[in-house]
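A.B. asks: based on what follows, work out the 3D shape:
(one chain, ligands or ions: 1)
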Amino acid sequence: MAEQRPVCGVCGTTAESDDAPLTWSTQLGRRGVELVCDRCTRENVRAIEGKLESEWW
Ligand SMILES: [Zn+2]
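C.D. replies: Numbers count the residues shown, from 1 in each chain. This next block holds a predicted model:
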């Protein structure tokens, strides 16, 4: 079985476990749903929320 660990779609870092940590989040990217690591989530949370709001509402 090839290991396919979650990879952050923003910075490209790989999760330390096979499952995405709870601190990770997802966002809609050009290729669909992308995983975002906790670090990028903190940095982009406002942008993500603003994006969702503008796109969904
Ligand atoms: Zn990241």
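
A.B. asks: thought Ala15 was touching Pro6, still the case?
C.D. replies: Yes. Using CB atoms under 8 Å as the test, Pro6 is close enough to Ala15 to be in contact (4.1 Å). All C-beta spots, glycine's among them, are computed from the backbone N, C-alpha and C.

A.B. asks: find residues that contact each of those two.
C.D. replies: Trp24, Leu35 (CB atoms under 8 Å, 6 or more residues apart in numbering).

A.B. asks: quick one, what contacts Cys8?
C.D. replies: Thr14, Ala15, Trp24, Leu35, Val36, Cys37, Cys40.

A.B. asks: count the neighbours of the nearest residue in space to Cys8 that is not next to it in sequence for me.
C.D. replies: Nearest residue to Cys8, sequence neighbours excluded (CB to CB, 6 or more residues apart in numbering): Cys37, at 3.9 Å. Other residues near Cys37 come to 23 when the count uses other CB atoms under 10 Å.

A.B. asks: for Cys37, give me the pLDDT.
C.D. replies: Per-residue confidence (pLDDT) for Cys37: 93.

A.B. asks: could you do Trp24 as well?
C.D. replies: So Trp24 comes in at 93 (pLDDT).

A.B. asks: now it. Its backbone dihedrals?
C.D. replies: Note on Trp24: its backbone torsions stand at phi -80, psi 160 [degrees, to the nearest 10].

A.B. asks: that one is in contact with Gly9, isn't it?
C.D. replies: No. Counting by CB under 8 Å, Trp24 does not reach Gly9; the two are 10.3 Å apart.

A.B. asks: overlap in contacts of those two?
C.D. replies: Common contacts of Trp24 and Gly9 (CB under 8 Å, 6+ apart): Leu35, Val36.

A.B. asks: wasn't Arg46 part of a strand?
C.D. replies: No. Arg46: not assigned to a strand; according to DSSP: H, G, I helix; E, B strand; the rest coil it is helix.
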